[in-house]
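In: just need the structure, nothing else, for what follows:
(one chain, ligands or ions: 3)
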Amino acid sequence: MNAVRTGLRYCFNSAEAGLGHVFPASWNPLLNLGALGFFFYWIITVSGIYIYIFFDTGVHNAYESIEYMTHEQWYLAGTMRSLHRYASDGLVVVMMLHMVREFARDRYRGVRWFSWVTGVPVMVLVFVAGISGYWLVWDQLAQYVAIVSTEWLDVLPIFGEPIARNFMSADALESRFFTLMIFMHIAIPLIALAILWIHLQRVTKPRINPPRGLALSVFGALIALSLIHPALSQAPADLGKVPAFVGIDWFYLPLFPLMEALPGSVTWGLGACLLVIAVAMPWLPPLKRARPAKVDLANCNGCARCFNDCPYNAISLVARTDGLAFEREPVVDPDLCVSCGLCAGSCPTSMPFRRLSDLSPGIDMPDRTIADLRDETEERAAGLNGRNRVLVFGCGHGPDLSTLNSRSVGTVTLTCIGQLPPAFVDYVLSRDLADGVVLTGCRENSCDARFGIDWTVARLEGRRDPHLRARVPRDRLKTAWIGAQGTSRLSKIVDEFAKDLPSAAAVRRTRPTAPTQATRTEEVQDV
Ligand code: HEM
Ligand code: SF4
Ligand code: SF4
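Out: Ligands and ions are numbered 1, 2, ... in the order given. Now for the predicted structure:
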């Protein structure tokens, strides 16, 4: 399983990097799959409502009404029909890519099981809705889909009478049955939408809207496709004949040839096994889990920054229980915490300057504490020589940092770059631990912990607390959001940055090398 995941991750990283040359960073479609899914869903809904106005829901006239839309009213109703079809295809593509990508990035196991497990019924319902849509056209493909799927359903003793009988002759097919199909085609997407709402309950601020430019480009492409290559029906259904050849739709119906070829009991068995495996995947071994974030009330002032920054709704604020003069305290739900460390990066008490007391922030990661990070930073810095020394902070999901270590470059790996309080940059530069600092990690919009890059950039730019202090020389700081495939690029970026660092030695000469005790105390308080 791990080998499959690693291979897939490599493919996704390469594809994301490739698309990164074509699209602006925030538009990269592979980094907006969930949001694109919603976008396609809205297009399907609006176009579906429009074509429903023209659609004759009786089995005998359904085909003609769709032909009318396609050929007579091609400019509006026909285009809406094509949009409905192509947006549905798009939905399947982005949904499947989204699912495989979450698997490849290992974002479905342990406490992250919820979004995965709720995604499985959504996937099933999207396919069922699409398949039921093909029936409504009532052409030869619809006839094929109807017969294969009803025969398949009849394998199970669900219905009193075999429903495939409906399709034995035109007289047997009642309009009531057809109306039931239309009802299903409308009800199933609504149920899927309700489950999608549940799907997002464990993530804060889910990205459900693609960037406007990407949305407009996708919409423009769909319109162009609809005009150049409009969706057409096949010949009308004729229950007196078995359709000789049907062009299968490979987005929604790829399993139909298999369902036709294999006995129903086998395909039901296979389907059930796949479903059970899909639902059980988050709990399949090897399960690894870092310990959840831990609150230390003695160092917490209830400022709520950790609560605001947590990407997984894992922190709640409750009334203070320790008698200190603060109103609130954070409580971490270990069943929701993915151990990303963003909360530790946001806590004002995560101050590397602290020497008078232990470096024990209000909230911290037991497996990678802020104190450990400071010790490691100092250790790496102590080993650096040369004129332009650089410290690189990066996360384990980004480029491989181990290859960068040299006489003048040291590296520190964190759970996520969002775990790094900006005060560390200040600490490194003001204490002359290095001449420059590089922060690196995943690609923009692709952070494993969702907001690690967003919060880091906002903190550096002073838009989010804790922000980087104004005194920190910005030309000594570089960010590189380039993802796991960017190791060699990062190496070049670091080299160039080191070369261009503004006369570090000159700055060192004009700066006291160690702050006084008074300065230290002030730094602790000034948070
Ligand atoms: C139409 C179908 C779907 C849509 C529109 C959709 C949409 C989304 C969105 C918007 C997010 C939040 C992304 C973010 O803001 O970071 C998300 C998260 C997620 N989705 Fe889906 N999803 C769909 C189907 C699925 C399926 C079929 C699966 C897998 C079986 C799945 C698995 C996940 C997982 C595991 C996450 C959470 C990732 C994390 O831990 O951050 N989704 N989805
Ligand atoms: S480690 Fe991440 S998920 Fe856990 S509480 Fe902190 S910010 Fe939330
Ligand atoms: S960010 Fe730190 S000080 Fe603020 S509430 Fe969270 S733990 Fe307490």
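In: so is P330 in a helix, a strand, or just coil?
Out: Judged by DSSP: H, G, I helix; E, B strand; the rest coil, the three-state class of P330 is strand.
In: double-check it against G302; I have them as touching.
Out: Yes: under the criterion of CB atoms under 8 Å, P330 makes contact with G302 at 7.5 Å. Backbone N, C-alpha and C define where each C-beta goes, glycine included.
In: what is in contact with these two at once?
Out: L317 (CB atoms under 8 Å, 6 or more residues apart in numbering).
In: give me the more crowded residue out of those two.
Out: Using other CB atoms under 10 Å as the criterion, P330 and G302 rank with P330 on top: 24 against 19.
In: how near is that one to T415?
Out: 18 Å (CB to CB, to the nearest Å).
In: try G383
Out: G383 is 23 Å from T415, by CB to CB.
In: before we move on, what about M69?
Out: Taken as CB to CB, the span from M69 to T415 is 54 Å.
In: mind checking the SS state of the nearest residue to L200 once chain neighbours are set aside?
Out: The shortest distance from L200 to any non-neighbouring residue, by CB to CB, 6 or more residues apart in numbering, is to P206 (4.3 Å). Judged by three-state DSSP, the three-state class of P206 is coil.
In: number of residues surrounding P206?
Out: 18.
In: same question for S132.
Out: 23.
In: circling back to that earlier point, distance of the residue nearest to L200 from ligand 3?
Out: Here the criterion is CB to the nearest ligand atom, to the nearest Å. By it, P206 lies 22 Å from ligand 3.
In: hmm, that residue is touching G34, no?
Out: Yes: with contact defined as CB under 8 Å, P206 reaches G34; the gap is 7.2 Å.
In: report the spatially nearest residue to M181, omitting neighbours in sequence.
Out: Nearest to M181 is W135, by CB to CB, 6+ apart, at 5.0 Å.
In: and ligand 2, is the helix or strand hosting the one you found touching that?
Out: Here W135 is covered by helix 113-136, with elements defined by DSSP states H and E. No: counting by CB under 6 Å from any ligand atom, ligand 2 has no neighbours in helix 113-136; the shortest distance is 12.9 Å.
In: same question for that helix, mean pLDDT?
Out: For helix 113-136, mean pLDDT is 96.
In: then that helix to PDB, C-alphas only?
Out: What follows is helix 113-136, C-alpha atoms only, in PDB (Å, rounded to 0.1, in the frame of the first residue of the first chain):
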ATOM      1  CA  TRP A 113     -11.200   9.100   8.600                       C
ATOM      2  CA  PHE A 114     -14.300  11.200   8.700                       C
ATOM      3  CA  SER A 115     -13.900  13.100   5.400                       C
ATOM      4  CA  TRP A 116     -12.900   9.900   3.700                       C
ATOM      5  CA  VAL A 117     -15.700   7.800   4.900                       C
ATOM      6  CA  THR A 118     -18.300  10.400   4.200                       C
ATOM      7  CA  GLY A 119     -16.800  10.800   0.700                       C
ATOM      8  CA  VAL A 120     -17.500   7.200  -0.200                       C
ATOM      9  CA  PRO A 121     -21.300   7.500  -0.300                       C
ATOM     10  CA  VAL A 122     -21.000  10.700  -2.200                       C
ATOM     11  CA  MET A 123     -19.000   8.900  -4.800                       C
ATOM     12  CA  VAL A 124     -21.600   6.100  -5.100                       C
ATOM     13  CA  LEU A 125     -24.400   8.600  -5.300                       C
ATOM     14  CA  VAL A 126     -22.700  10.700  -8.000                       C
ATOM     15  CA  PHE A 127     -22.400   7.600 -10.200                       C
ATOM     16  CA  VAL A 128     -26.000   6.500  -9.500                       C
ATOM     17  CA  ALA A 129     -27.300  10.100 -10.300                       C
ATOM     18  CA  GLY A 130     -25.300  10.100 -13.600                       C
ATOM     19  CA  ILE A 131     -26.500   6.600 -14.600                       C
ATOM     20  CA  SER A 132     -30.100   7.600 -13.900                       C
ATOM     21  CA  GLY A 133     -29.600  10.700 -16.100                       C
ATOM     22  CA  TYR A 134     -28.700   8.500 -19.000                       C
ATOM     23  CA  TRP A 135     -32.100   6.700 -18.800                       C
ATOM     24  CA  LEU A 136     -34.000  10.000 -19.200                       C
END
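In: after it, next one along is what?
Out: Next along from helix 113-136, by DSSP H and E: helix 140-154.
In: contacts for that following helix, please.
Out: 131, 134-136, 159, 162-164, 166-167, 233-239, 243, 246-249, 253, 256, 259-260, 264, 267-268.
In: got a quick PyMOL command for the buried subset of these?
Out: Here is the PyMOL command that selects the buried residues among the contacts of helix 140-154 (16 or more other CB atoms under 10 Å):
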select buried, resi 131+134+135+136+163+164+166+167+233+234+236+237+239+243+246+249+253+256+259+267+268
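In: residues from the stretch 201-350 of the chain in reach of ligand 2?
Out: 292-293, 310, 312, 314-315, 332, 337-343.
In: do stretch 302-316 and ligand 1 meet?
Out: No: judged by CB under 6 Å from any ligand atom, stretch 302-316 stays clear of ligand 1, getting no closer than 7.1 Å.
In: for the stretch 301-450 of the chain, what spans make up the strands?
Out: Taking DSSP state E, counting those that start in this stretch, the strands of the stretch 301-450 of the chain run over residues 315-319, 328-332, 363-364, 390-395, 409-414, 436-441.
In: could I get those strands as a markdown table with distance to A458 and mean pLDDT?
Out: Listed next are those as a markdown table, based on distance: least, CB to CB, whole Å; pLDDT from 0 to 100:
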| stretch | distance to A458 | mean pLDDT |
| --- | --- | --- |
| strand 315-319 | 18 | 97 |
| strand 328-332 | 20 | 97 |
| strand 363-364 | 19 | 97 |
| strand 390-395 | 17 | 96 |
| strand 409-414 | 17 | 96 |
| strand 436-441 | 13 | 97 |
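In: so which of those strands comes closest to G78?
Out: strand 436-441 (47.0 Å; CB to CB).
In: which residues touch the helix or strand following that closest one?
Out: Next along the chain after strand 436-441, taking DSSP H and E as the criterion, comes helix 452-460. Applying CB under 8 Å, 6+ apart, the external contacts of helix 452-460 come out as 309, 340, 342, 345-346, 395, 416-420, 422, 425, 439, 441-442, 444-445, 447, 464-468, 477, 479, 481.
In: could you tell me which residues of the stretch 51-200 of the chain lie near ligand 1?
Out: Counting by CB under 6 Å from any ligand atom, the positions of the stretch 51-200 of the chain adjacent to ligand 1 are 91, 95, 98-99, 102, 107-108, 112, 115-116, 119-120, 122-123, 126, 196, 199-200.
In: show me the contacts for T415.
Out: T415 is in contact with 290, 339-341, 365, 368, 395-396, 449, counting by CB under 8 Å, 6+ apart.
In: buried only: go through the residues you listed for me.
Out: 290, 339-341, 365, 368, 395, 449.
In: could I get the average pLDDT for stretch 224-231?
Out: Rounded mean pLDDT across stretch 224-231 is 96.
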